[in-house]
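>>> Dropping the sequence and predicted coords here.
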Amino acid sequence: MIVYGKNPVIEALRSDKDIEKVLVAHDSHPPYQVVKLCKQKGIKIQKVPREKIEELAGTKKTQGILAIISPIKYVPPEELFKTTIEKNSFFLVLDHITDPQNVGNLLRTCEVFGGVGALLPTYRSSPINETVVKASSGAVFYLKLSKVSSLSNSLREFKKQGGWVIAVERGGKDIRSFSMPLPCALVLGSEGEGVSKNILDISDTVLSIPMVGKINSLNVSSAGAIAMWECVRNVIMYNKE
Ligand SMILES: C[S@@+](CC[C@H](N)C(=O)[O-])C[C@H]1O[C@@H](n2cnc3c(N)ncnc32)[C@H](O)[C@@H]1O
């Protein structure tokens, strides 16, 4: 969805909508409020020719500013947790993963293996944009996606309801020695930082995939695929609908 004009863009930024990016014409300056809100929310402001904005908006009356909003409808985390518990399944926790290709690949595998969806942080995370939709092969439309300002607070809530929080990270227990408990939240870390310390602290366990090569980590979507397979390999027939 596209929103253009100064006030509509400011209101969109103030709302809980998932904004992918804000485009500003080369020949104009973004209003101070836009710059401030984008900075707070980690949203990119891109300078482009005014004609590009007018073309996307389908009008010349854009005031040189436009926001692109994600096509995805998010569900509240309670819904994601409830379904995961009812189905005795898993969901992914994408801990500040910024590469849309990785997010799309992970969501595709999640859907293929019968996972319920994913919990994402509001800020510093790839938006669910066209690249994600494409990389997921459309899996995003079958999953429950939820955005929260604090992953760790939400995961504490999931634990209270009887779910397990399993971090997938180097330096933990060998994943082969562990029988994955369900229902669970499977946490995968960002490309740069790995799983956040505060999430490691509340995780029931940290599982690692043994490596023998010279490169010191797997790509997060490969690590996620292996961990998701571990979640379902004994129960893959379980909840096919
Ligand atoms: C590319 S790695 C993060 C590397 C980061 N630069 C670091 O030093 O921690 C991204 C994520 O992939 C997962 N991952 C990668 N290799 C893994 C392994 N061998 N075992 C478990 N998880 C792994 C973890 O979730 C990790 O946070």
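Ah, there it is.

>>> Please pull out the lowest mean pLDDT helix or strand from this protein.
Confidence across the helices and strands of the chain bottoms out at helix 130-135, with a mean of 85, counting by mean pLDDT, DSSP states H and E.

>>> so who does Glu78 touch?
Glu78 makes contact with no residue, according to C-beta atoms under 8 Å, 6 or more residues apart in numbering. Every C-beta, even on glycine, is put in place using the N, C-alpha and C of the backbone.

>>> and it, which of the three is it?
helix (DSSP: H, G, I helix; E, B strand; the rest coil).

>>> sec struct for whichever residue of the chain sits closest to the ligand, please.
The ligand sits closest to Gly189 of the chain, with a gap of 2.3 Å, by C-beta to the nearest ligand atom. Here Gly189 is strand, with the state taken from three-state DSSP.

>>> neighbours around it, how many?
Gly189: 23 surrounding residues under other C-beta atoms under 10 Å.

>>> residue contacts, it?
Listed by C-beta under 8 Å, 6+ apart, the contact set of Gly189 reads Asp95, His96, Ile97, Ala167, Val168, Glu169, Val195, Ser196, Val220.

>>> hmm, 10 Å instead?
When contacts are counted by C-beta atoms under 10 Å, 6 or more residues apart in numbering, Gly189 touches 93-97, 167-170, 195-196, 199-200, 217, 220, 223.

>>> Can you give me the pLDDT of it?
In the predicted model, Gly189 carries a pLDDT score of 97.

>>> Number the residues from 18 up from this point.
Shifting the count to begin at 18 puts that one at Gly206.

>>> So the residue nearest to it when sequence neighbours are not counted versus Ser220, what's the distance?
Here the nearest residue to Gly206 in space, its sequence neighbours aside, is Val212; by C-beta to C-beta, 6 or more residues apart in numbering that works out to 3.7 Å. For Val212, the distance to Ser220 (C-beta to C-beta, to the nearest Å) stands at 8 Å.

>>> So for those two, which residues contact both of them?
Residues touching both Val212 and Ser220 (C-beta under 10 Å, 6+ apart): Val110, Ala184, Val185, Glu186, Gly189, Val204.

>>> Check those residues and tell me the two furthest apart.
Within the shared contacts of Val212 and Ser220, two members stand farthest from each other by C-beta to C-beta: Val110 and Gly189, at 15.2 Å.

>>> okay, those two: which has more neighbours?
For the pair Val110 and Gly189, the greater number of neighbours falls to Val110 (29 against 18), based on other C-beta under 10 Å.

>>> Check whether the more buried one sits in a helix, strand or coil.
On the three-state scheme (three-state DSSP), Val110 is labelled strand.
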